[in-house]
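1. Predicted model, plus sequence, below.
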Amino acid sequence: MIDPQQIWSSPNLPTLPSVAVKLLEISNSVDSDIQDVVELIRQDPAISAQILKASNSSFFGFRSQVTSLRRAVSLLGTTVVSSLSLSFTLHDGTLRNGPLSTEFERYWMQSAIQAVTAETLSQQESHGISSEFFSLGLLLDLGRLAMLHTIPDEYLPVLQQQAAEQRRLCDVEQELLGFDHVTVGVELMERWNLPATLIEAARHQHITLESLKNLEPSASEFAIHTAALSSATAEYFCGPNKGIALEWLRELTSQCLGWQSSRLDSFLEIIRERVDQVGDLFSINTSEISDPCELITEANLQLAQLTLREHVASTQAEAHRDIVLQENESLRAQTLHDATTGAYNRRFFDETLNNEINRCRRNAEAVGIAFIDIDHFKHLNDTYGHQFGDVVLQCVTETLKRTLRNADTVARFGGDELVVLINQPSEKGLMRVAERLKDAVALAKIQFGNMAVNVTVSIGTTYTVPGRGERDVASNLVNAADKAMYESKKKGRNQVSHHPLLSEADRQFARDVQQRRFSRWLVQHNDFDVNTMARVLLKTENTWQAIGTISANLQLLTTEQIDETLRVHYESDERFGEVALRLGYLTENELQFLLAIQQEQPVSVQATLVDVGLLDEEPATALLKEYMQQLSRAQSILK
């Protein structure tokens, strides 16, 4: 335990320069105007330069370059300018080297995420001025910054213990120090005369759900909800307790905002995309933050581990801890894999399929599965014995794994049935994969003692693009693939049958999107053959972008059209592209091109062609320009 007075009496306590103090006073005054802010900022050349840099950053996304301080203040608003100036001042005082440098980096990373979360939430919920919520998130955790500066020797062990034990930071702070960063932060905010709403939100940022429900209605209610959600989102993205943070986010958004889990998933993807942009403002490296799918997988695994840890602690004595942990690690592996075949088990497949469906629902991508049944398996068991049946299952599974890509998932569904989740399939691609699997099994000879036995499989395939409001997608996929597999049985076995869940019109639309890809265009124009392009695509990295972002970059939609489309999109179960099409903002051809670019970025394919030595820079650029000219309203990208 230490005396908190050490913090307030420390010469290292963060202090505000006169410019920052006056900016806070001006931002709280109803009589101030933009010129007052401009004149004040000009007194500090460093802050002036940083404000200009911020106004030209990708985070704020102004279309033309901002060259004057007055225009920067006018576009950003006095509230954002004040909070950015304060944060730049505090950030410049951060230690760049030494044992605490990582903790300072994490503090600013979490503050940036909190700022993006708070602003985005206020925009989506149409509540308040988004710039004020940006400031709320950015300054939410000032107490941590103060403790890092003033009591580093005592505070670093707290942070290390929290990471090791995966507990709430406030709990560890109270246990080891006798107070927490929230108390310190609120005191510091009051000394700096920050807005009362911000202080109240910071005070309640780690409030329990029950306490949130019992809060008296007030003007600060949404700000408190925003602070709690922003804090949990930052913990989810870069803290050690991702599982607990995700569980809290699900409960908070469901109870306080009425969100479904799919809405939360979409929200977190938007935050991840914007984090890279705000990271540039403070020179923060955001590359170590995982993508949304990896984050959810890591969080769910952590929740399972925490549950297992609690069970172990309650049932085993400390003297047997090492033995128990080894047993549980083995048990965890068993819970993911089938003991006979080594493939993933049904439980793992169901969870993975649902995760993939959620991802495809958000990204408007296809999900496809192949259902596989070993022909005459009962006869093989009766003729050669169950031990041989196990050998058949093992050999067929290994053959499937060798034939598939690492990104595809093989699982034992039950009995002699196996199922494969195909990663990012096209309809033709899914059927080709199924044919390869069938042929690979038929060619394999299964050794059992002195015998070499051939077996065959019957396969059923299906695929769909999950709708935003569509339910029971997983069971519908499994049932359709199972039905197709039985058709293969009826047709004589050793066959592949296909039962898509999409309408013929939707299937044709999907095929048209595939044909509009840059790689398909190159093949159609006889620049490269299919096999060459397939190898190029394996080496091409694509960064997923929302259709709205792509259409804005191509100037296919105005800002007003994007805002209206987003409003309808959030209020309905329609996708962004479907809304834009229905409202007449996009034609069907334009939407197909946008989806093709979303699935396969032409610039990335062009870069790979040059990197692998198939084309020089100039002809590769000429081909890309010719391809993009097919978009009648997209000439701006060629400039």
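-> That came through, no problem.
2. can you pull the buried residues of stretch 341-349?
-> If you call a residue buried by 16 or more other Cβ atoms under 10 Å, then stretch 341-349 has these buried ones: Thr341, Ala343, Tyr344, Asn345, Phe348, Phe349. C-betas here are computed from N, CA, C, even on glycine.
3. Oops, could you answer that again for stretch 382-402 instead?
-> Neighbour counts over stretch 382-402 (16+ other Cβ under 10 Å) mark Tyr384, Phe388, Gly389, Val391, Val392, Leu393, Cys395, Val396, Thr397, Thr399, Leu400 as buried.
4. ok, how many other residues are close to the nearest residue to Glu588 once chain neighbours are set aside?
-> Leaving aside its chain neighbours, Glu588 sits nearest to Leu581 (6.6 Å; criterion: Cβ to Cβ, 6 or more residues apart in numbering). The tally of other residues near Leu581 (other Cβ atoms under 10 Å) stands at 17.
5. Next one: Leu581, what pLDDT does it get?
-> The predicted structure scores Leu581 at 91 on the pLDDT scale.
6. Distance check, Ala452 against Val391.
-> Distance of Ala452 to Val391, computed by Cβ to Cβ, to the nearest Å: 12 Å.
7. Residues that sit against both of these two, list them.
-> Counting by Cβ atoms under 8 Å, 6 or more residues apart in numbering, the residues touching both Ala452 and Val391 are Ile446.
8. can you list the domains in the protein?
-> Per automatic domain parsing, the domain ranges recorded for the chain read 5-289, 300-333, 346-502, 512-638.
9. least reliable of those domains going by mean pLDDT?
-> For the domains of the chain, the bottom mean pLDDT is recorded on domain 300-333, which sits at a mean of 56.
10. quick revisit: from the buried residues of stretch 382-402, which two are the most distant?
-> Of all pairs drawn from those, the one with the longest distance (Cβ to Cβ) is Tyr384 and Leu400, at 21.1 Å.
11. now the buried residues of stretch 382-402 as a markdown table including secondary structure and distance to Gly178?
-> Conversion of these to a markdown table gives the following (DSSP: H, G, I helix; E, B strand; the rest coil; distance: Cβ to Cβ, whole Å):
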| residue | secondary structure | distance to Gly178 |
| --- | --- | --- |
| Tyr384 | helix | 72 |
| Phe388 | helix | 68 |
| Gly389 | helix | 65 |
| Val391 | helix | 65 |
| Val392 | helix | 66 |
| Leu393 | helix | 60 |
| Cys395 | helix | 64 |
| Val396 | helix | 63 |
| Thr397 | helix | 57 |
| Thr399 | helix | 63 |
| Leu400 | helix | 59 |
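12. closest to Leu23 among these?
-> Leu23 has its nearest neighbour among these in Leu400, at 63.9 Å by Cβ to Cβ.
13. residue contacts, Arg609?
-> For the record, residue 609 is Leu, not Arg. Taking Cβ under 8 Å, 6+ apart as the criterion, Leu609 is in contact with Val536, Leu615, Ala620.
14. Okay, it and Ser519: tell me how far apart.
-> For Leu609, the distance to Ser519 (Cβ to Cβ) stands at 10 Å.
15. what do the two both touch?
-> Counting by Cβ under 8 Å, 6+ apart, the residues touching both Leu609 and Ser519 are Val536.
16. Which residue ranges of the protein form strands?
-> With DSSP state E, the ranges of strands along the chain come out as 367-374, 409-414, 417-422, 445-448, 451-454, 457-464, 496-498.
17. Report the buried residues of the fifth one.
-> If you call a residue buried by 16+ other Cβ under 10 Å, then strand 451-454 has these buried ones: Val453.
18. Now it - C-alpha only, CSV.
-> Once side chains and other backbone atoms are set aside, the C-alpha atoms of strand 451-454 remain, and they are given as CSV (Å, rounded to 0.1, in the frame of the first residue of the first chain):
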residue,chain,number,x,y,z
MET,A,451,-4.7,-56.7,-48.1
ALA,A,452,-4.9,-53.6,-50.3
VAL,A,453,-8.5,-52.4,-50.5
ASN,A,454,-10.0,-49.6,-52.6
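19. who does that strand pair up with?
-> According to DSSP bridges, the neighbouring strands of strand 451-454, each with its direction, are strand 445-448 (antiparallel).
20. and if you look at the shortest one?
-> In the sheet, strand 496-498 lines up against strand 457-464 (parallel) (DSSP bridges).
21. now the angle from the strand it pairs with to strand 367-374?
-> Strand 457-464 and strand 367-374 meet at an angle of 160 degrees, taking axes from the mean of the first three to the mean of the last three Cα atoms, to 10 degrees as the criterion.
22. between strand 457-464 and strand 417-422, how many degrees?
-> Between strand 457-464 and strand 417-422, the angle comes out at 40 degrees (the same axes, to 10 degrees).
23. all helices of the stretch 151-300 of the chain, in order?
-> Counting by DSSP state H, counting those that start in this stretch, the segments of the stretch 151-300 of the chain that form helices are 152-165, 169-177, 181-191, 196-203, 209-214, 221-238, 242-252, 261-281, 292-315.
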